[in-house]
Structures are given as structure tokens and as C-alpha cells.
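Novice: Here is my input, please return the structure:
(chains A and B)
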Amino acid sequence: MIRVTRKLEFSAAHYYHNPNFSAEENRRIFGKCNNPHGHGHNYVLEVTVAGEPDPATGMVLDLKELKDILQREVSDRMDHRNLNYEVPELAGQIPTCENIAAVIWRLLEPKITQGRLDRVRLYESPDLFADCTADSNGSGR
Amino acid sequence: MSRPLKLSLTRRYRFAASHRLHSGSFSPEENLRLYGKCSNPYGHGHNYTLEVTITGPVDAETGMVANLGELDPFVEREVVEAFDHKFLNEEVPEFRASVPTTENVCREIFRRLKSFPAAHLERVWIEETSKNSFEFGEESAGVEQPKP
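Specialist: All right, here's what the predicted structure looks like:
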């Protein structure tokens, strides 16, 4: 099996706030991420697809096709957007790295027809990233 | 068909420390042959990069595997404060009995962090230089380790 990874960058704004918490709880739990004016990141997304290379083409999947899927499903939805207000798939969720990675996984999984989605890695900064993978033990959510 | 998902969070930390690779079980010649310039008795140092990976269910209220407001101070206290700008051989008690190779540093950091209460520790990865990195994960943690 071969794993192929494509990288993509997008920039977006967000803030963390849960209406079920009091103002004090929001500040205590989310810290400066709770600033209601929001803040932003240059996100770096790595999408890994696993599969056997096609004997005729030598490719697991057509990277041009993957690039187009990432443009449509991720960049068009999230680049230069406010993740709290402009991405319906995140509605009602705190737009953390974990939740964004899971949303991206669910958007991409049905679109990838050559090979199989193996991992979505989302960097919020060089020092913080979330990995979303299929849960082989069935212990996830 | 949608598969159940597993989420992990990886956070990167940095510390600078000195060490010397030398074992009392070997002769000076053997130490020099085994560890080369790393056995220089005056020690040498590195800028270490540490990645800590935790997993667990994503809390529906916070959207988090664990709050960095809890993870950061835990790693700072257990590892960074103990290792940063220190001579590992003398100032981290565990390395009085074992050689502070980055393999052993990985294992020691995993041991120090596995009690993190808010999520499950999956992996510790350390880059010693841009050319060398080491990883210790939960799959290795269950294996009986040789006594130093």
C-alpha cells in the first residue's frame, strides 16, 4: 500500500465560545481564544490517501483530481472565511482544530473514489495540529 | 459509508539541554568507539523539539481532546522545567543510572507524561537535530523494558 499526501493552505478567522457556558466559564476554558472579535490562523492541511498504484498509470489517484476536490470542498468553503459564521458544516460546534479536521474528513471521504482517505492532518500553527483518522478500534466518536 | 473517527492532538515544545553519552559499564576505549564525539567528557548540547500526541473523545461542549490550558502547564512542569537548560546526566535524576540518549529521553518523557489526566498519551517524538528524530509510543510502552 502507498500513501500519497497533498498539502493545502488556507487562512480563516474563528473564536471559541459556548453559549451553554457563562461569560466567566467561557473566558476560563477558552482563554484568549474567547475574544469575541475573533482571531485567525494560516491553516496548513495535509490530506493523505492510501491505496495500490494503478498498474497502467502508476498512480494511487490523480493528484490533479485531488487538488480540485480540495479546492471545492475546503478552500472554497473555508479560505478567507469566518469559521463560526460562514461554514454551515461547523454550525453549533466550536471551531477547534479537532472539529475542523473531522468536518474536513467527512467532506472529503465520500469524494475520494480512487484509493481511500487515510488521514487528515490540520495544523493551526507549526506547534499545534490535529489528526483525524478512521478509528480501527471503534472507540472514537 | 462513513467510518467512525479517531482524533488526536499534537503539540510541539522546545527545550535546550546538554548531555554526554557515556556508560560506566564500558571501558574508555569502548565508550569512545560506541559514542564517538558524543562521549566528550565535557558534554555537548542540543535544541530539542518535542512533540506530544494525545488522543481521546472530543468533548462536545469544548470541541477539544484536551484543553491546551491544561496540557501546556502539565508538560511545562513535568518536562520543560526539568529538562530545559540542564545537564541531563546530572540534573535529571533518572539519567544518573541510564545514558541520556534521545531514545532514553523519549522513554523518560513518555513515563513523565503518561499520567496526564485529561486525555490518553499516544506518542512522544523528539527531534535532537534536524537530521535525527526519535519516537516512543504506547505500543512500545507495554513492552518490558531492559533495566538500565
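Novice: Would you mind giving the secondary structure of residue B:63?
Specialist: Using DSSP: H, G, I helix; E, B strand; the rest coil, the structure places residue B:63 in coil.
Novice: so who does the residue nearest to it when sequence neighbours are not counted touch?
Specialist: Spatially, and ignoring its direct neighbours in sequence, residue B:63 is nearest to residue A:94 (3.3 Å; CB to CB, 6 or more residues apart in numbering or on different chains). C-beta coordinates here come from the backbone N, C-alpha and C atoms, glycine included. Residue A:94 makes contact with A:16, A:17, A:18, A:30, B:61, B:62, B:63, B:64, according to CB atoms under 8 Å, 6 or more residues apart in numbering or on different chains.
Novice: switch to 7 Å and redo it
Specialist: Contact analysis of residue A:94 by CB atoms under 7 Å, 6 or more residues apart in numbering or on different chains lists A:16, A:18, B:62, B:63.
Novice: host element of the second one?
Specialist: Right, the one you point to is residue A:18. Under DSSP states H and E, no helix or strand contains residue A:18.
Novice: what are the phi and psi values for it?
Specialist: Torsion angles at residue A:18 (phi, psi; degrees, to the nearest 10) stand at phi -110, psi 120.
Novice: before we move on, the earlier item: closest to residue B:114 among the contacts of residue A:94?
Specialist: When the contacts of residue A:94 are ranked by distance to residue B:114 (CB to CB), residue B:62 comes first, at 22.5 Å.
Novice: Count the residues that sit near the closest one.
Specialist: When neighbours are counted by other CB atoms under 10 Å in any protein chain shown, residue B:62 registers 18.
Novice: What of residue B:29?
Specialist: 8.
Novice: residues in contact with residue B:48?
Specialist: By CB under 7 Å, 6+ apart, the contact set of residue B:48 is B:14, B:15, B:16, B:17, B:126, B:127, B:128.
Novice: Give the helix, strand or coil label for it.
Specialist: On the basis of three-state DSSP, residue B:48 is classed as strand.
Novice: who's in contact with residue A:31?
Specialist: Neighbouring residues of residue A:31 by CB under 7 Å, 6+ apart: residue B:69.
Novice: Equivalent analysis for the one 3 residues further on, please.
Specialist: Applying CB under 7 Å, 6+ apart to residue A:34 gives the contacts A:15, A:16, A:17, A:26, A:27.
Novice: Mind doing that once more with 10 Å?
Specialist: A:15, A:16, A:17, A:18, A:21, A:23, A:25, A:26, A:27, A:28 (CB atoms under 10 Å, 6 or more residues apart in numbering or on different chains).
Novice: Got the phi and psi for the residue nearest to it when sequence neighbours are not counted?
Specialist: Leaving out its chain neighbours, the residue that sits closest to residue A:34 by CB to CB, 6+ apart is residue A:26, at 4.9 Å. Dihedral pair for residue A:26: phi -60, psi -40, per degrees, to the nearest 10.
Novice: can you check residue B:126 too?
Specialist: Dihedral angles for residue B:126 - degrees, to the nearest 10 - are phi -130, psi 130.
Novice: max-length helix in chain B?
Specialist: When chain B is parsed with DSSP state H, its longest helix is helix B:102-113.
Novice: What of chain A?
Specialist: For chain A, the helix reaching the highest residue count under DSSP H is reported as helix A:97-108.
Novice: partners of the helix or strand just after it in the sheet?
Specialist: Per DSSP H and E, the first helix or strand lying C-terminal to helix A:97-108 is strand A:116-125. With DSSP bridges as the test, strand A:116-125 is paired with strand A:39-51 (antiparallel), strand A:128-134 (antiparallel).
Novice: And the pLDDT for the spatially most distant residue from the centre of chain A?
Specialist: In chain A, residue A:56 marks the outermost C-alpha relative to the chain mean, sitting 31.9 Å out by CA atoms, centre = their mean. Looking at residue A:56, its pLDDT reads 93.
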